[in-house]
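Asker: my questions concern the predicted model and sequence given below.
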Amino acid sequence: MRRRRTVEPRRVIFIGVEGESDRAFAQFLQRCCDGEGRHLHLDIKPGGGGDSVTVVEEAGRYLARHSAKRDIGDKLVLLDRDRIKQDLEAGRDARAVASGRNLKMLFQDPNLEGLLFRLHPGREQRRITAGDAMAELRRVWPEYRKPPTADQLSGRFTLSDVRRAARHDRELQKLLEILGLEPHRKTRK
């Protein structure tokens, strides 16, 4: 009798995102994980837009319904940093809501378009405002349209681009660490 080969289940990481553009970025990261041989599955859930608290609440509801069905490791919510100040001024604190649901918040600075701009060579240290992000991104990527697809992002960027940008972006660096995609550091002899 032949023995069946057992396949170790992939480690699941939950990523709550605002909308379809952010989902495409997370799917691009899944492809980076696959390309690096990381045995991960990114469970990506768009929150349907709205303010940051709404996105976090939707992530919490999704996890309450689905986390019992499978073992989920890290639970993340990827948010645009530029929205947080507005939310706090409106009396809505996404950090408090995330903490109550055991979710780690990570920020795209100032938003996804600003992050995509910084993935381009020579732009990784340039800080732009949320209001300028789309125009600056279209200067270096004239074909960019929202929402992008994971295929478009994969055709434009590589893991090396993300790692290069992460050297100047602590939040992106944290995300790569959680996914096991940080560059391997050479040890001194």
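Answerer: Yep, that arrived. The structure presented is a predicted model; accordingly, all values stated were derived computationally and were not measured. Residues are numbered from 1 along each chain as shown.
Asker: switch to C-alpha atoms for all contacts and neighbour counts from now on
Answerer: OK.
Asker: Ala96 sits in which helix or strand?
Answerer: Ala96 belongs to helix 94-100 when assigned by DSSP states H and E.
Asker: and the one helix or strand in the chain whose mean pLDDT sits lowest, which residues are buried?
Answerer: Least confident helix or strand of the chain, by mean pLDDT, DSSP states H and E, is helix 82-89 with a mean of 87. Going by neighbour count (16 or more other Cα atoms under 10 Å), the buried part of helix 82-89 is Asp82, Arg83, Ile84.
Asker: same thing with stretch 34-47?
Answerer: Within stretch 34-47, the residues that qualify as buried are Arg38, Leu40, His41, Leu42, Ile44, Lys45, Pro46, Gly47, counting by 16+ other Cα under 10 Å.
Asker: quick one: contacts of it?
Answerer: Stretch 34-47 is contacted by residues 10-20, 22-23, 26-27, 30, 33, 54-56, 58-59, 62, 179-181 when judged by Cα atoms under 8 Å, 6 or more residues apart in numbering.
Asker: got the end-to-end distance for that stretch?
Answerer: Using Cα to Cα, to the nearest Å, the end-to-end distance of stretch 34-47 comes out at 25 Å.
Asker: from the chain's centre, how far out does that stretch sit?
Answerer: Centroid displacement of stretch 34-47 relative to its chain, using Cα atoms, centre = their mean, to the nearest Å, is 10 Å.
Asker: then stretch 165-180?
Answerer: Relative to the chain's own centre, stretch 165-180 is displaced by 10 Å; criterion: Cα atoms, centre = their mean.
Asker: need the contact partners of it.
Answerer: Residues from elsewhere that reach stretch 165-180, judged by Cα under 8 Å, 6+ apart: 33, 38, 40, 74, 106-108, 118-119, 124-125, 163, 182.
Asker: which one (most neighbours) among those?
Answerer: With neighbours taken as other Cα atoms under 10 Å, the top of these is Arg118, carrying 27 neighbours.
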